[in-house]
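1. Pasting the sequence and the predicted model now:
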Amino acid sequence: MTVENLTVYRESYAAVQNVSFSLDAGTDTAIVGPNGAGKSTLVQALLGILPRQSGDIFVLGQALNRKGSLPSTVREKLAYLPQQFLFDRRIPITVEELVGLGWDSPGLRLPWLGGRQRFHQVRQALARVDAAHLRSQPISRLSGGEMKRVLLAYCLVRPRSLLILDEAPAGLDIQSESEFYQLLYQLKQEQGWAILQVSHDLDMVRRHCDRVLCLNRTLRCQGVPDVALSPENLVAAYGNERSPYHHSH
Amino acid sequence: MSFSAEIARVIDLFQLPFMHRALIGGVLTGATGGLLGSFAVLRQLSFFSDTLGHSALLGISLGVVFGVNPTLVLLPFAVVFALGVSYLLEKTRIWTDALLNIVYSSSLASAIIILSFVGQYKGGLNNLLFGDILAIRPGDLVFSSILLGICIVFISLTLRTQMLVTLHEELAMARGISVSTHRMIFTTLLALVVAISIKAIGVLLISAFVVTPACTAQLMTGKFSHYVLISAMIGAVSAVGGMVLSAFFDLPSGPSIVMTQLSLFFLAASFPYLRKLAV
């Protein structure tokens, strides 16, 4: 992914301004910054969910046009988990149906077409995240940790090149968060995923990520964690807000 | 009258052509309402469908004032109105239920004022409010059948997309789905269903056809595809049950169908408790 001079407006102000960076295949890049720094805005603009004011975005070599569209072959290589992935647990949908949505390509098709292959892929993905036993469960019955595993199966059900996670483990306790990251990085090794993730957990970023983008409307610094997360750079990105984000476990 | 004589009377009643039409019309309307309602409820559009129902009265009153067949005015009016309200909901910062309340009450007030200028509306305000399923004509059945067919084809071909849009709009957009286009098509279909069903069901009861079967289905299954099918089936079955109830006890048909829907809802809600008692 390559981003050049990206500026995104939210209502009347520039939430993200003149941001440029690139991601290499198979690397893990974290976007860090204080609340309101434009991290989620940046991610949504990269996916074409939010329109951009100016700049260019190339995903897997293809330009994201002004309307936010990409060729479907490129879209299928991306997986995205939104911030906290909050949705109404009362919606009647089973784990198998949810993971199956990760397999399906959008567009007109009869719902029963490709059912066998879909079923097989969903079962494999669920087995890989140790959630095969949850296949028939409605999502309303899942714990927070189980839900995150199911969402990783949603990403895994089709071969992907890039995972974009917006604070994916939010809402989990420390133990479940640790298990989530362990599984995520096992899968990354196996699948060769590149990951771009928004995170508040600087210790996790130091341990796992190859590169860091420090964002506070503009890109304040970028580089390997040891350099980008130096005290001077953190003060430049966070100001006095830095301390609440530094915790170890 | 003995019970067997009563049954014979009801069977005779259902031999009459207007009862055939009412039964078929009820099944078509119930199934279509249940089908679209399954998505409308999950997308929190229940009050929106109620607002559409009440605004239909404004469309009818405009037709009456301009001397045009109210049914012909109602269809385009309902679609334009629904899309206009959807646009307002997206663009303004007013809370959804507050905005819908403003639209709902003001359209109802405008309709009553307009109808007061024309004097006694020959269709009867009572019929508009509560509907008259027994007055369904063959042409209405053709419209309802075509609309149900369109809804089945649209939902079947876009089922996975509709599921993703219902579950999480942002996730759907990240998959390259044009959420606004799907929302617009769905709103248009919902508006057409409401407009076509007004004659049979009435302004006040139409939202029950959209909301109640879906809520009952939600209590009965945790699987999305089953939920959609069950909701449509409950809509159709309630119509048959309500018509039979209405024939037996000489009750108004529309309200009888709604009471049947409500009974099924209570049955589904109490089923887990009944099962516990049985064990």
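-> Ah, there it is.
2. How about chain B, which of its residues are in the neighbourhood of chain A?
-> For chain B, the residues in contact with chain A (C-beta under 8 Å from any C-beta of the partner chain) are B:42, B:156-161, B:163-164, B:166-168, B:170-177, B:217-218, B:221-227. Using the backbone N, CA and C atoms, a C-beta is placed for each residue, glycine as well.
3. Report the buried members of those residues.
-> Buried members of the residues of chain B next to chain A, counted by 16 or more other C-beta atoms under 10 Å in any protein chain shown: B:42, B:158-161, B:163-164, B:166-168, B:170-177, B:217-218, B:221-225, B:227.
4. So which other helices or strands are in contact with the worst-scoring helix or strand of chain B on mean pLDDT?
-> Ranked by mean pLDDT, DSSP states H and E, the weakest helix or strand in chain B is helix B:125-130, scoring a mean of 78. Under the contact criterion of 3 or more C-beta pairs under 8 Å, 6 or more residues apart in numbering or on different chains; DSSP states H and E, helix B:125-130 touches helix B:46-65.
5. how about low-confidence regions in the chain?
-> Assuming you mean chain A. Chain A contains residues with pLDDT under 70 at A:84-86, A:240-249.
6. Sorry, I should have been clearer: chain B.
-> Within chain B, the ranges that satisfy pLDDT under 70 run B:1, B:119-124, B:279.
7. residue in it nearest to chain A?
-> residue B:222 (2.8 Å; C-beta to the nearest C-beta).
8. excluding its backbone neighbours, what's nearest that residue?
-> Nearest non-adjacent residue to residue B:222, counting by C-beta to C-beta, 6 or more residues apart in numbering or on different chains: residue A:138, 2.8 Å away.
9. Quick one: name the residues of chain A near chain B.
-> Taking C-beta under 8 Å from any C-beta as the contact definition, chain A meets chain B at A:44, A:47-49, A:68-70, A:72, A:75, A:78, A:80, A:82, A:85, A:87-88, A:90-94, A:97-98, A:100-101, A:104, A:106-111, A:137-138, A:140-141, A:164.
10. Which of those residues fall within strands?
-> The strands, defined by DSSP state E, take in A:78, A:80, A:164 from those.
11. Need these in a markdown table (columns: neighbour count and distance to residue A:238).
-> Formatted as a markdown table, those follow (neighbours: other C-beta atoms under 10 Å in any protein chain shown; distance: C-beta to C-beta, whole Å):
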| residue | neighbour count | distance to residue A:238 |
| --- | --- | --- |
| A:78 | 22 | 29 |
| A:80 | 24 | 26 |
| A:164 | 26 | 23 |
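12. Show the buried residues in the residues of chain A next to chain B.
-> A:44, A:47-49, A:68, A:70, A:75, A:78, A:80, A:82, A:85, A:87, A:91-94, A:97-98, A:100-101, A:104, A:106, A:109, A:137-138, A:164.
13. show me what contacts residue A:225?
-> Neighbouring residues of residue A:225 by C-beta atoms under 8 Å, 6 or more residues apart in numbering or on different chains: A:30, A:205, A:206, A:209, A:211, A:212.
14. which one of those is nearest residue B:36?
-> Distance ranking of those against residue B:36, using C-beta to C-beta, places residue A:30 first at 43.2 Å.
15. For residue A:46, see how far away the closest one is.
-> Counting by C-beta to C-beta, to the nearest Å, the gap from residue A:30 to residue A:46 is 14 Å.
16. excluding its backbone neighbours, what's nearest residue 192?
-> No chain in the question, so chain A it is. Nearest non-adjacent residue to residue A:192, counting by C-beta to C-beta, 6+ apart: residue A:26, 5.3 Å away.
17. Actually, chain B is the one I wanted.
-> residue B:147 (5.8 Å).
18. Kindly report the same for residue B:88.
-> Of all residues beyond its chain neighbours, the one nearest residue B:88 is residue B:99 (6.3 Å), with distances taken as C-beta to C-beta, 6+ apart.
19. Need the residue closest to the centroid of chain A.
-> residue A:165 (1.4 Å; C-alpha atoms, centre = their mean).
20. Pull out the CA atoms of stretch B:255-271 and give them to me as CSV.
-> Once non-C-alpha atoms are left out, stretch B:255-271 reads as follows in CSV (Å, rounded to 0.1, in the frame of the first residue of the first chain):
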residue,chain,number,x,y,z
PRO,B,255,-57.4,-5.8,13.0
SER,B,256,-58.1,-9.5,13.2
ILE,B,257,-54.9,-10.2,11.2
VAL,B,258,-52.9,-7.9,13.5
MET,B,259,-54.3,-9.7,16.6
THR,B,260,-53.3,-13.0,15.0
GLN,B,261,-49.8,-11.6,14.5
LEU,B,262,-49.8,-10.5,18.1
SER,B,263,-51.0,-14.0,19.4
LEU,B,264,-48.1,-15.7,17.4
PHE,B,265,-45.7,-13.1,18.9
PHE,B,266,-46.8,-14.0,22.5
LEU,B,267,-46.7,-17.7,21.7
ALA,B,268,-43.1,-17.4,20.5
ALA,B,269,-42.2,-15.2,23.5
SER,B,270,-43.6,-17.7,25.9
PHE,B,271,-42.3,-20.8,24.2
